[in-house]
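J.: Generate a structure from the sequence data that follows.
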Amino acid sequence: MENERNDIGELTRILQAAGLGDESAMQRAIELVYEDLERVARAQLSRARGPAIDGKTLEPRALVHETFLRLIQQRNAFENRGHFFAVATKVMLRAMREEERAKRALKRGGDALRVTLHDLPAEHGPTTATLTDVAAALDALEKLDARKAAIVRMKIFFGLTTTEIAEQLDSSERTIERDWRFARSWLAARLGR
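T.: Take a look at the predicted model:
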């Protein structure tokens, strides 16, 4: 656990240096989080397209590369690991939405990418929505409560546990669980229609 905290602290320091324009720090940050982001990209693309995602227009590695290119261009100053992953998730979703729009434009209304959210409350069943709908719902939730939107991103997109999220947000696990329950219900109602 102590070693994990040191890794988190190291990444936070590196991200802060990268935010100040240190190119070597950005390269080191990429090395530290690349596998995590690729895992998230594979999971998101798999949710959107099914398990056989290889050979599709946008593959996990390409999505991670696109995400990093956009992060570098934005030159954000990241407060910590949680902030980095929150911004990276937004950038990744934006890239996936743009790819979805381009695909639909090419096919004149062809199949939209759909995602199934299994982590939403059981009474609603698994929710299937377009990636655009999910991103719009998360944006609306962020306007309502940015913290709850960050919890959703960390839990669904990055697969962090309640304990890990509590550490990232410097909060109690009980508070994270309460916020997570609210956010899940809110999203289920918003997306379930």
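
J.: how about the helices in this structure?
T.: Using DSSP state H, the helices of the chain run over residues 2-19, 23-49, 60-74, 81-107, 131-144, 146-152, 162-168, 173-192.

J.: and the ones you listed as JSON lines, adding mean neighbour count and mean pLDDT?
T.: Heads up, the C-betas are built off the backbone N, CA and C, glycines and all. As requested, those are exported to JSON lines (neighbours: other CB atoms under 10 Å; pLDDT from 0 to 100):
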{"stretch": "helix 2-19", "mean neighbour count": "15", "mean pLDDT": "65"}
{"stretch": "helix 23-49", "mean neighbour count": "18", "mean pLDDT": "78"}
{"stretch": "helix 60-74", "mean neighbour count": "17", "mean pLDDT": "78"}
{"stretch": "helix 81-107", "mean neighbour count": "19", "mean pLDDT": "77"}
{"stretch": "helix 131-144", "mean neighbour count": "18", "mean pLDDT": "86"}
{"stretch": "helix 146-152", "mean neighbour count": "21", "mean pLDDT": "91"}
{"stretch": "helix 162-168", "mean neighbour count": "19", "mean pLDDT": "89"}
{"stretch": "helix 173-192", "mean neighbour count": "17", "mean pLDDT": "89"}
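
J.: residues touching E38, list them.
T.: Contacts for E38 were tallied using CB atoms under 8 Å, 6 or more residues apart in numbering; they are P60, R61, V64.

J.: Make JSON lines from those and add distance to A137 to it.
T.: JSON lines is the format used below for the contacts of E38 (distance: CB to CB, whole Å):
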{"residue": "P60", "distance to A137": "23"}
{"residue": "R61", "distance to A137": "27"}
{"residue": "V64", "distance to A137": "24"}
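
J.: Check the gap between the residue positioned nearest the centre of the chain and D22 for me.
T.: Central residue check for the chain by CA atoms, centre = their mean: the C-alpha nearest the mean position is that of T89, 2.9 Å away. According to CB to CB, to the nearest Å, T89 and D22 sit 23 Å apart.

J.: go on, I165?
T.: Distance of I165 to D22, computed by CB to CB: 28 Å.

J.: cool, and L63?
T.: 25 Å.

J.: next one: A189
T.: 44 Å.
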